[in-house]
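Chemist: A predicted structure for the sequence below; I have some questions about it.
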Amino acid sequence: MKIVSKPVEMIAWFKDKKIPEPLRFRIKNEDNSHLIIKVHKILLTREEKLAGIRSYVYHCQSIVNGIEKVYELKFIIEDSKWILYKI
């Protein structure tokens, strides 16, 4: 997987009011068009603390433009921000 670290607009479901579950997200392409990706499967979820910044890391799987992709999403708890980290 390649590190891209791009911010995304996320629709998520907050299960038990603590751990968010990503449902679908929108990312801006290089040509300023938007691509909407539905999260089909969450393979792994873990909590990470890097340089004092807590985040949840999700290894997910989706079909993007007819191709099955595995990617990594991060939810930064302190900022309530979602990032497409690896794809």
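Modeler: The structure has been received and is ready for your questions. This one's a predicted model, so the numbers in the text were calculated from it and none came from an experiment.
Chemist: CA atoms for contacts and neighbours, from now on please.
Modeler: Noted.
Chemist: doesn't Phe25 make contact with Met10?
Modeler: Yes. Taking Cα atoms under 8 Å as the definition, Met10 is a contact partner of Phe25 at 4.3 Å.
Chemist: And the strands in this protein, which stretches?
Modeler: Using DSSP state E, the strands assigned to the chain run over residues 3-7, 9-15, 19-28, 34-38, 41-50, 53-64, 67-76, 81-86.
Chemist: Highest mean neighbour count out of these?
Modeler: Of the strands of the chain, the one with the most neighbours on average (mean count of other Cα atoms under 10 Å) is strand 81-86, at a mean of 19.
Chemist: Walk me through which strands that one pairs with, and which way each runs.
Modeler: Under the criterion DSSP bridges, strand 81-86 sits next to strand 3-7 (antiparallel), strand 67-76 (antiparallel) in its sheet.
Chemist: Tell me which of these lies nearest to Phe14.
Modeler: strand 67-76 (11.8 Å; Cα to Cα).
Chemist: mind checking how far the residue positioned nearest the centre of the chain is from Asp16?
Modeler: Nearest residue to the geometric centre of the chain (Cα atoms, centre = their mean): Leu73, 2.6 Å. Plainly put, Leu73 is 20 Å away from Asp16 if you go by Cα to Cα, to the nearest Å.
Chemist: cool, and Ile77?
Modeler: From Ile77 to Asp16 the distance is 15 Å (Cα to Cα).
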